[in-house]
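Undergrad: here's a sequence, model it:
(2 chains)
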Amino acid sequence: QKEVEQDPGPLSVPEGAIVSLNCTYSNSAFQYFMWYRQYSRKGPELLMYTYSSGNKEDGRFTAQVDKSSKYISLFIRDSQPSDSATYLCAIGETTDSWGKLQFGAGTQVVVTP
Amino acid sequence: DGGITQSPKYLFRKEGQNVTLSCEQNLNHDAMYWYRQDPGQGLRLIYYSQIVNDFQKGDIAEGYSVSREKKESFPLTVTSAQKNPTAFYLCASSEGQGLMNTEAFFGQGTRLTVV
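TA: Residues are numbered from 1 along each chain as shown, chains lettered A, B, ... in the order given. A predicted model of the protein is given here:
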């Protein structure tokens, strides 16, 4: 069983809708949670990161962590065609190095005009 | 412009051939990483280097080799021992090794195809 599970999609939504993405994980020691956005044939770029549990908001993006359920979410409000990309979650322990991060497989999102 | 440059963007390899993927960074980062990305799978760590002249194997190092002779450069060689090398390869760097208070930056990737 993978340590991080993520639905590969594709997830297709109309422009202006809310995009809801999630990952589940198995290691209760994970405390560092990140979301990356990756456009086609490009490298990932960091969107959001949260430490421990709770919510974090940045513009149209909201990241949520539910440690009791081992479940993290990313919400994109007022989605735009430019949000069409693959979204990767990445999870690690506080004491981990970047080399020890566990990545989800990524969810492909398509926002249609 | 600070960043990570990977070259080439596309690379074709014949069976039994070694190829080297280039990764250069001008961010003055100590740590550098190589990942492999396959459809339906998350990024998997091949090798990482915390400092010049030092590197460690990641989860899938077999069939790959690296060197770290200069701080800014971390080339990856895909050898003929790698049986399934077709993939998207990503290089990354970070100022420190820890997750707290530091960020890893990725290059734009090299797509390697065996022909």
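
Undergrad: got any ranges where the chain has weak pLDDT?
TA: No chain specified, so I'll use chain A. Applying pLDDT under 70 to chain A flags residues A:1, A:94.

Undergrad: wait, chain B was what I had in mind.
TA: Within chain B, the ranges that satisfy pLDDT under 70 run B:1-2, B:100-101.

Undergrad: the residue nearest the centre of it: which element?
TA: Nearest residue to the geometric centre of chain B (C-alpha atoms, centre = their mean): residue B:34, 2.7 Å. Assigned by DSSP states H and E, residue B:34 falls within strand B:31-37.

Undergrad: excluding sequence neighbours, find me the nearest residue to the residue nearest to the centre of chain B.
TA: Spatial nearest neighbour of residue B:34, chain neighbours left out: residue B:46 (4.3 Å); criterion: C-beta to C-beta, 6 or more residues apart in numbering or on different chains. (Glycine included, C-beta is placed from N, CA and C.)

Undergrad: which stretches in the chain count as strands?
TA: Picked chain A for this. Assigned by DSSP state E, chain A shows strands spanning A:4-6, A:11-14, A:19-25, A:32-38, A:45-51, A:54-58, A:61-66, A:71-76, A:85-92, A:102-103, A:107-112.

Undergrad: look at chain B instead
TA: Going by DSSP E, chain B shows strands at B:4-7, B:10-13, B:19-25, B:31-37, B:44-51, B:54-57, B:64-66, B:76-78, B:87-94, B:104-106, B:110-114.

Undergrad: for chain B, what are the nearby residues on chain A?
TA: A:2, A:4, A:6, A:8, A:32, A:41-46, A:51, A:88, A:90, A:92, A:94-106 (C-beta under 8 Å from any C-beta of the partner chain).

Undergrad: next to chain A, which bits of chain B? Give me the list.
TA: So chain B meets chain A at B:4, B:6, B:31, B:33, B:40-45, B:48, B:50, B:56, B:58, B:88, B:90, B:92, B:94, B:97-100, B:102-104, B:106-109, B:111 (C-beta under 8 Å from any C-beta).
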